[in-house]
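Show me the folded form of this:
(4 chains)
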Number of protein chains: 2
Amino acid sequence: MAEQAETLRRAPLSRDRILRAAVALADEAGIESLSMRNLAQDLGVVPMALYKHVANKDELLDGMIDVVVGEIDPPVPDTDWKHAIRGRILSARQVLRRHPWAPLAIESRNMATPAVLAYLDSMVGTFRAGGFSADLAHHVMHAMGSRILGFSQELFDPARRAGRSGTTKPDPPAALPPEVAARFPHLAEISMAASHDEASVVGQGCDDQFEFEFALDLLLDGIERLQQQDWTSSRRPR
Amino acid sequence: MAEQAETLRRAPLSRDRILRAAVALADEAGIESLSMRNLAQDLGVVPMALYKHVANKDELLDGMIDVVVGEIDPPVPDTDWKHAIRGRILSARQVLRRHPWAPLAIESRNMATPAVLAYLDSMVGTFRAGGFSADLAHHVMHAMGSRILGFSQELFDPARRAGRSGTTKPDPPAALPPEVAARFPHLAEISMAASHDEASVVGQGCDDQFEFEFALDLLLDGIERLQQQDWTSSRRPR
DNA sequence: CATGTTAGGTGTACGCCGTACACCCGTCAA
DNA sequence: TTGACGGGTGTACGGCGTACACCTAACATG
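I've put the predicted structure just below:
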């Protein structure tokens, strides 16, 4: 009886259910808390049960990456390449904000998953449709690098901090501690030089979204310039 | 006697010797083979002996990062900011080619080590000396992101492959396998569109150094343009 | 010289991890 | 009725980081 109720209460395991639970666990507790044992416990199941649906932990991570990449908006049709690329990358960035463990996970796998390949392929397609030569598109993809998936590429991302994120406040200003500021005067100086004017949020050290778009537009503007002058790798700029 | 010889044969442990051995181990066997136990064995010592010199594995990794960052050339004096920055980043890239595990290690730590902070501080100083406002320097540092440490930011870097590198050949062309090419036609197309002309090395799918410098110069040229027009964050470009 | 302190290497043990392997049971086709 | 099989279980192994007690050689101090 009790056993029956228990059995009925929990939905049967499936690869999809496992992947969603794994993503939720990594979102809430951090990627370092994602163990096969913890995940199994969340699913009310014994650890080895997972192995009937995923080959091993690496494949689990691959599946999680595909789930995340699958959340990125499809390209908006009927726009010029620049807005199409820009919009999609900003969408990718929003997705990564929900899954801050994803960049490290993606970078630590040594082969791209199918969903990532599909995303990259689609981005190349947008460039090609926008009139880019295959040659230029190739180099441009390299130049964008992981930024094309919305990675902010901050050397030290406070958002990536291990611990639980959830409802925690977004960390006050997080200015660098005074003893650090004293030893590295240039860093101290620029850390103060955030968006001081039109600062809607007072004291916020740094507007991540602005920095991201700044970097993205710097790249896109440079790329647009190359494309307009029919750049090819045989005529190297310097 | 034999014991004495043994004791004499091996130099006494020290934090520095441990860090150098750890870097060498990671270089040769990959970061995933770097365990306290393996490292201790390489040093002819019992694992717990290491803990008299480093607090724990995280601190060991921090120390290794500082060793690597310390190998980057100092800035060349008496040059314009653009050449100074460019040269230093290319030097950083050479260093990372010797220590392919370093980017992932650096990105997975959640606070910068002193050596990294010193490097970043020095780079900001170069921008400031070159006439950049603190405001522009701030945004530019964000825009360069991890590229400033020589990270290539390839989504999937074949060089980062776990296994032993050493004297292994540099992996033939490493073109994407046919079944992948069929499913992702745009990727297939641009993978062929490498530097086809003036290709000194036949069949080399992709010149990593060229791609890196292409991306770097795209950024630096954009940055130079902003600086020349006295860009500030109050006058946003779009 | 005797002695107490201490720096640094050792040995054992604990709890976590991924996962191999044998098992077992409910469902369903033949 | 039976046999196969998909899928959950239990046990166990080897590897990991590291806490903690120990031992010992070097050395400063009386």
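
elements contacting the biggest helix by length in chain A?
For chain A, the helix with the greatest residue count under DSSP state H is helix A:208-228. Under the contact criterion of 3 or more C-beta pairs under 8 Å, 6 or more residues apart in numbering or on different chains; DSSP states H and E, helix A:208-228 touches helix A:81-98, helix A:134-144, helix B:134-144, helix B:208-228. Just so you know, the C-beta spots here come from the backbone N, C-alpha and C atoms, and that holds for glycine as well.

In terms of pLDDT, where does the spatially most central residue of chain A sit?
Chain A has residue A:96 as the residue nearest its centroid, 3.6 Å off, counting by C-alpha atoms, centre = their mean. Here, the pLDDT recorded for residue A:96 equals 98.

didn't it look like it was pressed against residue A:151?
Yes: look at residue A:96 against residue A:151 with C-beta atoms under 8 Å: they come within range, at 7.0 Å.

Spit out the residues that contact the two alike.
residue A:103 (C-beta atoms under 8 Å, 6 or more residues apart in numbering or on different chains).

so where do the helices sit in chain A?
Under the criterion DSSP H, chain A contains helices at A:2-9, A:15-29, A:36-42, A:57-70, A:81-98, A:102-108, A:114-129, A:134-144, A:178-183, A:185-192, A:208-228.

where's residue A:37 relative to chain B, distance?
Distance of residue A:37 to chain B, computed by C-beta to the nearest C-beta, to the nearest Å: 20 Å.

Which residues are in contact with that residue?
Contacts of residue A:37 (C-beta under 8 Å, 6+ apart): residue A:47.

excluding its backbone neighbours, what's nearest residue A:219?
Closest residue to residue A:219 apart from its sequence neighbours, by C-beta to C-beta, 6 or more residues apart in numbering or on different chains: residue A:144 at 6.3 Å.

Next one, pLDDT for the one you found please.
Per-residue pLDDT puts residue A:144 at 98.

what do you get for residue A:23?
For residue A:23, the model assigns a pLDDT of 98.

Neighbours of it, how many?
21 (other C-beta atoms under 10 Å in any protein chain shown).

tilt between the longest helix of chain A and helix A:134-144?
Angle between the axes of helix A:208-228 and helix A:134-144 is 160 degrees (criterion: axes from the mean of the first three to the mean of the last three C-alpha atoms, to 10 degrees).

which residues are in contact with helix A:208-228?
Here helix A:208-228 has contacts from A:82, A:85-86, A:89-90, A:93, A:130-132, A:136, A:140, A:143-144, A:147, A:152-153, A:159, A:195, B:139, B:142-143, B:145, B:218-219, B:221-223, B:226, B:233, B:237-238, using C-beta under 8 Å, 6+ apart.

Could you pick out the buried ones from those residues?
Buried members of the contacts of helix A:208-228, scored by 16 or more other C-beta atoms under 10 Å in any protein chain shown, are A:82, A:85-86, A:89, A:93, A:130, A:132, A:136, A:140, A:143-144, A:147, A:152-153, A:195, B:139, B:142-143, B:145, B:218-219, B:221-223, B:226, B:233.

ok, and of those residues, which contact DNA strand D?
Among those, no residue sits close to DNA strand D (C-beta under 7 Å from any atom of the strand).

which parts of chain A sit against DNA strand C?
Counting by C-beta under 7 Å from any atom of the strand, chain A sits next to DNA strand C at A:34-38, A:47-48, A:51, A:56-58.

CSV please, covering the residues you listed and showing distance to residue A:17 and pLDDT.
CSV is the format used below for the residues of chain A next to DNA strand C (distance: C-beta to C-beta, whole Å; pLDDT from 0 to 100):
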residue, distance to residue A:17, pLDDT
A:34, 15, 98
A:35, 18, 98
A:36, 15, 98
A:37, 17, 98
A:38, 15, 98
A:47, 15, 98
A:48, 16, 98
A:51, 15, 98
A:56, 18, 98
A:57, 17, 98
A:58, 19, 98
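
Tabulate these in JSON lines, adding columns for distance to residue B:114.
JSON lines is the format used below for these (distance: C-beta to C-beta, whole Å):
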{"residue": "A:34", "distance to residue B:114": "31"}
{"residue": "A:35", "distance to residue B:114": "32"}
{"residue": "A:36", "distance to residue B:114": "37"}
{"residue": "A:37", "distance to residue B:114": "36"}
{"residue": "A:38", "distance to residue B:114": "34"}
{"residue": "A:47", "distance to residue B:114": "41"}
{"residue": "A:48", "distance to residue B:114": "45"}
{"residue": "A:51", "distance to residue B:114": "43"}
{"residue": "A:56", "distance to residue B:114": "38"}
{"residue": "A:57", "distance to residue B:114": "34"}
{"residue": "A:58", "distance to residue B:114": "34"}
